[in-house]
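*Asks:* fold the following, please.
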Amino acid sequence: MQKEIIIAGFGGQGVLFAGQVLAYAAMDSGKEVTWIPSYGPEMRGGTANCTVVIADEEIGSPLVRRPPAAIVLNLPSFDKYEPLIQPGGVLVVNSSMVDRPAQRDDITTIFIPANEMAEEIGDRRLLNMVAVGALLAMLPELTMEQVKAALKAHLPQRHQHLLKNNFEALDRGFEYARKALAQMPA
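*Replies:* Numbers count the residues shown, from 1 in each chain. Predicted coordinates for the structure are as follows:
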């Protein structure tokens, strides 16, 4: 098994952190992992993306050209990565920042209002965990329990008080995607 994931958006949306959480969850469960960040020179507002590769065996290359899974948190990322997803792949789209429908019908696309859901929880910065939760509904390689354990184990002590809200964001994203998948035609 090998699964490649791209997470993309603007700086400040938690793109790199979302990838780190997935990488830690896989690593802590005994899988091979690579995590490669990429971002523009701007601290916030510039482009940011990361690739995560999860495998049972040694990873030959961390480069990802045609991922089977992606999270895109803004329109430029949607425009860039939707055409690159492998047929049969999955795409989580932050509908709060994307104003067009999917162009492809050979992939599973979940549109989730991540910004609004994060604000309902009380912290707009949680949009990344809402999106990760949605991806977990379609990513059998990692469980919600593994991701929550990784957050608890790797979140710095000074941020441990944020765990409850992060867990809620993951759960809400997961449930939203699960319901959306159940309503899709077979």
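*Asks:* show the pLDDT at residue 38.
*Replies:* Listed pLDDT for residue 38 reads 86.
*Asks:* check which helix or strand covers it.
*Replies:* strand 32-39 (DSSP states H and E).
*Asks:* mind listing what's buried in that strand?
*Replies:* By neighbour count with 16 or more other CB atoms under 10 Å, strand 32-39 contains the buried residues 33-35. All C-beta atoms are positioned from the backbone trio N, CA, C, and that covers glycine.
*Asks:* repeat that for stretch 68-75.
*Replies:* 68-74.
*Asks:* just those residues now: which is nearest residue 19?
*Replies:* residue 71 (8.9 Å; CB to CB).
*Asks:* mind listing the helices for this structure?
*Replies:* Using DSSP state H, the helices of the chain run over 15-28, 75-81, 114-121, 127-136, 144-154, 163-183.
*Asks:* next, format these as a markdown table and append mean pLDDT and distance to residue 102.
*Replies:* Listed next are these as a markdown table, based on pLDDT from 0 to 100; distance: least, CB to CB, whole Å:
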| stretch | mean pLDDT | distance to residue 102 |
| --- | --- | --- |
| helix 15-28 | 94 | 20 |
| helix 75-81 | 94 | 9 |
| helix 114-121 | 95 | 16 |
| helix 127-136 | 96 | 15 |
| helix 144-154 | 93 | 25 |
| helix 163-183 | 94 | 13 |
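*Asks:* pick the most deeply packed of those helices.
*Replies:* helix 127-136 (a mean of 29; mean count of other CB atoms under 10 Å).
*Asks:* what's that one packed up against?
*Replies:* Under the contact criterion of 3 or more CB pairs under 8 Å, 6 or more residues apart in numbering; DSSP states H and E, helix 127-136 touches strand 2-10, helix 15-28, strand 69-72, strand 90-94, strand 108-112, helix 114-121, helix 144-154, helix 163-183.
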